[in-house]
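In: just to be clear, the model below is a prediction. Sequence and coordinates:
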Amino acid sequence: MNDDDPFLSDDEQALHAEVKLMRQEHSDLDAAIEALSHMPVPDQLRIARLKRKKLQLRDEIVKIESRILPDIIA
């Protein structure tokens, strides 16, 4: 979606921007988890914490997206 869409309200544009930042953080966490898992002695506790944070972030993204695109009951 285009963040500069003139048909979106300021609130919707802000939510799109927030989702974009959260997706980047989610991707960064994924890269960090991947890198840690390839260490000679992976820090399993740190990996588990990052995975938990990644899941929480994904849940927040889904919540915000549902506010942006509410279900349409036909």
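Out: Okay, I see it.
In: residue ranges with poor pLDDT in this protein?
Out: Scanning the chain for pLDDT under 70 picks out the ranges 1-6, 70-74.
In: helices of that one, residue ranges please.
Out: 10-37, 44-68 (DSSP state H).
In: would you turn those into CSV with mean neighbour count?
Out: For the C-beta atoms, the positions are set from N, CA and C on the backbone; glycine is no exception. Shown next, in CSV, are the helices of the chain (neighbours: other C-beta atoms under 10 Å):
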stretch, mean neighbour count
helix 10-37, 13
helix 44-68, 13
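In: OK, contacts around P42?
Out: L36 (C-beta atoms under 8 Å, 6 or more residues apart in numbering).
In: try 10 Å
Out: 33, 35-36 (C-beta atoms under 10 Å, 6 or more residues apart in numbering).
In: and which of these is nearest S9?
Out: Checking the contacts of P42 against S9 by C-beta to C-beta gives I33 as the nearest, at 35.5 Å.
In: does D43 really touch R49, like I thought?
Out: Yes. D43 is within contact range of R49, at 9.3 Å (criterion: C-beta atoms under 10 Å).
In: intersection of neighbour lists for these two?
Out: With C-beta under 10 Å, 6+ apart, D43 and R49 have no common neighbours.
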